[in-house]
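Undergrad: Have a look at this prediction, sequence included:
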Amino acid sequence: MVHLDDIKFVGKNLHRPECVLVDQDGTLHVADWRGGITLIYPNGNQRTILAKGEFKPKPNGIAILPDGGWLLTHLGNEDGGVYKLNEDGDLSPFLLQVEGEPLPPTNYVHIDRNGRVWITVSTRLKPRILGCKPNWRDGFIILVDESGARIVAEELGFTNECLIHPITGHLYVNETFSRCLSRFDVSSKGDLSNKIVVAEFGLGEFPDGFAFDDEGGIWVTCVVSNKVIRVNANGKKQTILEDNDPEHLAKVEEAYQKSCLKRDHLDQIISIKLKNISSIAFGGKDLKTVYLGCLLGQSIAIFESKIAGLSPSHWN
């Protein structure tokens, strides 16, 4: 288990750095709630690229485009969508509706090695906090490929990050408020089938982001509880890192069980170092440096792992 004293931080004055990605050069790509991306270079220098114009998306998930720029999911109060941000700050819509309906506030976006784009919407309810309860499953997954955009999975319990495994080709997705990590088979046409639950999570554990390691494991971040949990190839869970106050966590759990979670439960946590971690990425030349995005902090937490991660799709 990683001790809190082993945690270091990179970056400063970040704005809700919910999603962090690492490129092959070691540069961090971090969502910026003001409407764009902040880059943190290996030498520590930072560069922020915000969208030009009056409209500023609220980036939750981000994806690095192979030809430069990024896709950003817009997590507005009422509206959503996915936008393309160029390196000069030009912003253009990528996907604003699917199957004739406007996208609700949109959670995450992933580009796989075949260039297909996978998008998650956590809930159709507005405000989204209404979907943060047990047994509510109206989240869905969208696929965008050469045939266009379509919904490929529905009735998910607050759909969060989703990734295609670079070796097996399965799609994995965290269902935050169903408290499980699920897996789908993916056909050559991108259709999803044969859903199974890979891991279920316990009291106070709400899975958000995840990353794959090279031993068949999956590293999952849990919001509120500030946990990193590794799920091995057999589905066994191991807590790698934890930073929370048990009494506060019990209050959040009680509200969750009574279906009365409020924003305060998610936005006001008690911890020593970690600020509501939400995403995870492996980086470094040996892929053994772990980076943690967060909802409440202004920097990115890092620690060293004995197990290497798998190279993400944007490295290839």
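TA: Right, received. Where do you want to start? Numbering: from 1, shown residues only.
Undergrad: Not counting residues beside it along the chain, what's closest to Pro207?
TA: Among residues not flanking Pro207 along the chain, Asn174 sits closest, at 4.2 Å (C-beta to C-beta, 6 or more residues apart in numbering). The C-beta positions use only the backbone N, C-alpha and C, and glycine is treated the same way.
Undergrad: does that neighbour really touch Asp208, like I thought?
TA: Yes: counting by C-beta atoms under 8 Å, Asn174 touches Asp208, with 6.2 Å between them.
Undergrad: With neighbour numbers in mind, choose between the two.
TA: Between Asn174 and Asp208, Asn174 has the larger neighbour count (other C-beta atoms under 10 Å), namely 31 against 25.
Undergrad: Contacts only, for Glu253.
TA: 203-204 (C-beta atoms under 8 Å, 6 or more residues apart in numbering).
Undergrad: contacting residues for Val22?
TA: Val22 neighbours (C-beta under 8 Å, 6+ apart): 28-29, 281-284, 291, 312.
Undergrad: Just the closest of these to Glu161, please.
TA: Ala281 (10.9 Å; C-beta to C-beta).
Undergrad: Pull up the pairing partners for the host helix or strand of the closest one, direction included.
TA: Assigned by DSSP states H and E, Ala281 falls within strand 277-283. With DSSP bridges as the test, strand 277-283 is paired with strand 289-294 (antiparallel).
Undergrad: before we move on, the earlier item: find residues that contact each of Asn174 and Asp208.
TA: Common contacts of Asn174 and Asp208 (C-beta under 8 Å, 6+ apart): 160-161, 220.
Undergrad: Sort out which of these are buried, if you could.
TA: Neighbour counting by 16 or more other C-beta atoms under 10 Å classes 160-161, 220 among the shared contacts of Asn174 and Asp208 as buried.
Undergrad: and the helix or strand of the chain with the lowest mean pLDDT, what does it pack onto?
TA: Least confident helix or strand of the chain, by mean pLDDT, DSSP states H and E, is helix 263-267 with a mean of 91. The contact analysis (3 or more C-beta pairs under 8 Å, 6 or more residues apart in numbering; DSSP states H and E) places helix 263-267 against helix 246-257.
Undergrad: Just give me how far the helix it packs on sits from the chain centre.
TA: 23 Å (C-alpha atoms, centre = their mean, to the nearest Å).
Undergrad: which ones are touching the nearest residue to Ser259 once chain neighbours are set aside?
TA: Nearest residue to Ser259, sequence neighbours excluded (C-beta to C-beta, 6+ apart): Lys133, at 3.9 Å. Contact partners of Lys133, counting by C-beta under 8 Å, 6+ apart, are 177, 256, 259-261.
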